[in-house]
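Student: Here is a sequence with its predicted model. Questions after.
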Number of protein chains: 2
Amino acid sequence: MTSLMKTTFGEYIRHLRTEKDLTLTQLAAKLNLDSANLSKIENGIRDFDEKRLPKLARIFGLNIKDLREEYITDLLGKKIYETNCSKQLLKVAEEKAEYRRIRNKNLQTEKTV
Amino acid sequence: MTSLMKTTFGEYIRHLRTEKDLTLTQLAAKLNLDSANLSKIENGIRDFDEKRLPKLARIFGLNIKDLREEYITDLLGKKIYETNCSKQLLKVAEEKAEYRRIRNKNLQTEKTV
DNA sequence: TATAAATTTGTCAAAAAATGACAAGTCTTA
DNA sequence: TAAGACTTGTCATTTTTTGACAAATTTATA
């Protein structure tokens, strides 16, 4: 994990784009996307589609793993915000994730028996 | 927050249901739901629809706030699990949620100016 | 200021995902 | 072994997401 942005993913894209002096139209074309929709993504009205992450990484020369982390932390951050989830509750959520991990591991071994 | 279950929401429903000796058909009827689909929900194949939480709370005499917490922690737990999000990354996600909270608050005040 | 480019906003059809409904299967148990 | 309980599979319907385009508004610059 490299240093992750404390911004939304849309704002992050805008940051990357303006840094490279690209217009919405230019970047949208590279992403095979409508510029109006890219505008909405940057402004948080629409979500960036996960399937375009590899392309985005290539365009800006970013490590795909890092970018995906940027993406999923935004995704979860948004959910945490939307559900009004406190830190305490988030801890419970993490425990439930752990429960799923263990349960899934057990299912794997059950199959082989 | 009362004690939250370290199980999936589906398993929790099954727990509540069997405890009260209800069949899938009986509970499904109370929830205005197909019993086959309730079965899938309990087995984690489908998701419980949030709009039915109040009904579920009434049926089992549960506090709706607590139940909703049970629900959202399951929701987030599932996402954390699915995205393979580490504790470290989850911390980042929480920071991004905080960023959204602050940003939203600022937007509110901007409007009044 | 005029105008051209850049961005935003609104809308709608198409695609994708979630849900409801039902048939047919398996598993339990009385 | 028959009935009830549960599971699985499928498909039509509904809802949500996405792509596409027109028409704004805003910004930059000649």
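Tutor: That came in fine, so what should we check first?
Student: hey, let's count contacts and neighbours off CA atoms from now on
Tutor: Fine.
Student: got any ranges where chain A has weak pLDDT?
Tutor: A:1-5, A:108-113 (pLDDT under 70).
Student: What segments of it are helices?
Tutor: Along chain A, counting by DSSP state H, helices occupy A:9-19, A:24-30, A:35-42, A:53-60, A:64-82, A:87-112.
Student: Would you mind listing what in chain A touches DNA strand D?
Tutor: By the rule CA under 7 Å from any atom of the strand, the part of chain A lying against DNA strand D is A:32-34, A:36-37, A:46-49.
Student: List just the nearest of those to A:Leu90.
Tutor: A:Asp47 (22.8 Å; CA to CA).
Student: List the contacts of the closest one.
Tutor: A:Asp47 makes contacts with A:10, A:41, as judged by CA atoms under 8 Å, 6 or more residues apart in numbering or on different chains.
Student: that older thread, so which of the helices of chain A has the densest surroundings on average?
Tutor: Ranked by average neighbour count under the criterion mean count of other CA atoms under 10 Å in any protein chain shown, these are headed by helix A:64-82 at a mean of 20.
Student: A:Tyr71 contacts A:Phe9, correct?
Tutor: Yes - in this structure, A:Tyr71 is within contact of A:Phe9 by CA atoms under 8 Å, at 6.4 Å.
Student: Same list, the helices of chain A, but as TSV with distance to DNA strand C please.
Tutor: Putting these into TSV (distance: least, CA to the nearest atom of the strand, whole Å) gives the following:
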stretch	distance to DNA strand C
helix A:9-19	7
helix A:24-30	4
helix A:35-42	4
helix A:53-60	16
helix A:64-82	14
helix A:87-112	15
